[in-house]
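1. What follows is a predicted protein model with its sequence.
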Amino acid sequence: MLTVNSQLSSSIIQMHPSMIKFDSEDMQDLGICDMASKPILLVLNRQMIKILEDMGVSDDWFFKLQNTELTRLRGITANIHNTANFLKAQNVGESIQLHKLFRQCELLGIDCRKEKFLRSVVEAVVLRELRLLKLKARIPVKKGITLFGIMDETGFLQEKEVYVTFDTMQDRFPRPPGQGPLLVTRSPALYDGDIQIVDNVVPPQDHPLLEHKNCIIFSQKGNRDLPSQLSGGDLDGDLYNVIWDTDATSGPIQIFAPADYPRVLPIDIGRAVKVDDMADFFVDFMRTDHLGVIATRHMILADQMKEGTRHPDCKKLAELHSTAVDFSKTGIPVKMEALPRANNFRPDL
């Protein structure tokens, strides 16, 4: 993860030793996987909703957000302005600027709702959003955002403090939060302590942190870094979810201790890795990939147990899920016989 440092005097790249994975003398290329060119709209999911519910967030908040989204989807075809903005926000036909075609049709006096192909495109996208809302509980949060996480190199932020900054992109996104508490997490979140409350602090004028955009900046101070408390996150490109809606952050909310799993060392085969080793590892990875099974069982137990995600079986599943996620790094698979038992009745979403 590279960030702009306005305190540097020339065009150089400074790297921490941990950022150097492999030494090379013949390759000097810099490959870019992704960039924080714009923020990402935040949508809830079933795992996040269950933890927030166990923390004490009011059910009325979830229903209010859901009803707001249903009202928005009903109004997509009310006029061309709504339709074009919807297609643009969903990145539908972005390469051909499809949303501009709808606006051009309006200027030419063509009603897109009567054109079979154009109408079917809009209907397909709306139905997709409705399915995600019903089956996956992907509820948009107006006062929320998803951002890349970076570290405060200046040392300005104190423990449990962050700075959230992003562009509104001509009012396509909400305004960044001001001073005050906010919820921060990272997906997938299965452990009850994977959502924490922190203080958003806005740096003073002319501070170097104000040069950053489209990211959440974490403090380097404290006994334990905050990203590792959020479902074992780090700052090598992870995305973090931020909520500053006062209806969710205020009230009698209970904060749970984050998970603290012991560090697992990768398997050492005692010799140089060969092509056959990589092939065998790939086969083992495909054979032992049980992330979906573990997450589904966690969802079932968290819904049926009175304690929710605080139940010991749910915490055990969260730990096994973390082990399964790290398999590609450690080579240590999950023992499926260790999974807590559950029935086949799934929550009705």
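-> Yes, it's here.
2. roughly how far out does the helix ranked longest in the chain sit from the chain middle?
-> Longest helix of the chain, by residue count under DSSP state H: helix 116-135. Relative to its parent chain, helix 116-135 has a centroid offset of 23 Å by C-alpha atoms, centre = their mean, to the nearest Å.
3. Q158 against S219, yeah?
-> Yes: using C-beta atoms under 8 Å, Q158 is in contact with S219, at 5.9 Å. In this view, the C-beta of every residue, glycine as well, is placed from N, C-alpha and C.
4. Show me which of the two is the more surrounded one.
-> Between Q158 and S219, counted using other C-beta atoms under 10 Å, the more crowded position is S219 (21 against 13).
5. so how far is C215 from the nearest residue to that one once chain neighbours are set aside?
-> Excluding the flanking residues, the one nearest S219 by C-beta to C-beta, 6 or more residues apart in numbering is L157, at 3.7 Å. Distance, L157 to C215, using C-beta to C-beta, to the nearest Å: 13 Å.
6. The two - which one has more neighbours?
-> Neighbours of L157 and C215, each counted by other C-beta under 10 Å, are more numerous for L157; the result is 24 against 20.
7. mind listing what that one touches?
-> Y163, V201, L209, I217, F218, S219, Q220, K221 (C-beta atoms under 8 Å, 6 or more residues apart in numbering).
8. Kindly reformat these as a markdown table containing secondary structure.
-> Output for these, formatted as a markdown table (DSSP: H, G, I helix; E, B strand; the rest coil):
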| residue | secondary structure |
| --- | --- |
| Y163 | strand |
| V201 | coil |
| L209 | helix |
| I217 | strand |
| F218 | strand |
| S219 | coil |
| Q220 | coil |
| K221 | coil |
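9. Show me which of these is closest to V283.
-> Nearest to V283, judged by C-beta to C-beta, of those is F218 at 37.6 Å.
10. Quick check, that closest one in contact with F148.
-> No: assessed by C-beta under 8 Å, F218 is found out of contact with F148, at 11.0 Å.
11. Comparing the two, which residue is more hemmed in?
-> Each of F218 and F148 has its neighbours counted (other C-beta under 10 Å); F218 has more, 25 against 22.
12. Can you name the residues that contact the more buried one?
-> G149, I150, M151, D152, L157, V162, D225, L226, P227, L235.
13. got the buried residues for stretch 133-141?
-> Buried residues in stretch 133-141, counting neighbours by 16 or more other C-beta atoms under 10 Å, are found at L133, A137, I139, P140, V141.
14. For this structure, which strand extends over the most residues?
-> Counting residues, the longest strand found in the chain (DSSP state E) is strand 140-151.
15. That strand pairs with which strands, parallel or anti?
-> Its sheet considered, strand 140-151 pairs with strand 40-43 (antiparallel), strand 215-218 (parallel), strand 239-243 (antiparallel) by DSSP bridges.
16. contact partners of the helix or strand following the first one?
-> Next helix or strand after strand 40-43 toward the C-terminus (DSSP states H and E): helix 46-55. Contacts of helix 46-55 from elsewhere in the structure, counted by C-beta under 8 Å, 6+ apart, are 44, 59, 62, 136-137, 139, 183, 185, 187-190, 192, 194-195, 241, 248, 253-256, 295, 298-299, 302-303, 307-310, 347, 349.
17. what packs against the very next helix or strand once past helix 46-55?
-> Heading C-terminal from helix 46-55, the first helix or strand you meet, by DSSP H and E, is helix 59-74. Contacts defined by 3 or more C-beta pairs under 8 Å, 6 or more residues apart in numbering; DSSP states H and E place helix 59-74 against helix 46-55, helix 116-135, strand 140-151, helix 246-249.
18. can you redo the ones you listed as CSV with mean pLDDT?
-> Output for the helices and strands packed on helix 59-74, formatted as CSV (pLDDT from 0 to 100):
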stretch, mean pLDDT
helix 46-55, 95
helix 116-135, 93
strand 140-151, 95
helix 246-249, 90
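19. Just say helix, strand or coil for Y191.
-> Secondary structure state of Y191, per three-state DSSP, is coil.
20. E159 contacts G222, correct?
-> Yes: E159 lies in contact with G222 (C-beta under 8 Å); the separation is 3.5 Å.
21. now the angle from the longest strand of the chain to helix 116-135?
-> Angle, strand 140-151 to helix 116-135, by axes from the mean of the first three to the mean of the last three C-alpha atoms, to 10 degrees: 70 degrees.
22. With just CA atoms, put strand 140-151 into PDB.
-> Output of strand 140-151 as PDB, limited to C-alpha atoms (Å, rounded to 0.1, in the frame of the first residue of the first chain):
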ATOM      1  CA  PRO A 140     -27.300   0.400   1.700                       C
ATOM      2  CA  VAL A 141     -26.200   2.700   4.500                       C
ATOM      3  CA  LYS A 142     -26.500   6.400   3.500                       C
ATOM      4  CA  LYS A 143     -24.300   7.600   6.400                       C
ATOM      5  CA  GLY A 144     -21.600   4.900   5.700                       C
ATOM      6  CA  ILE A 145     -18.700   4.300   3.300                       C
ATOM      7  CA  THR A 146     -16.100   1.600   2.400                       C
ATOM      8  CA  LEU A 147     -12.500   2.700   2.200                       C
ATOM      9  CA  PHE A 148      -9.000   1.500   2.000                       C
ATOM     10  CA  GLY A 149      -7.100   1.600   5.300                       C
ATOM     11  CA  ILE A 150      -3.700   3.200   5.800                       C
ATOM     12  CA  MET A 151      -1.500   4.100   8.800                       C
END
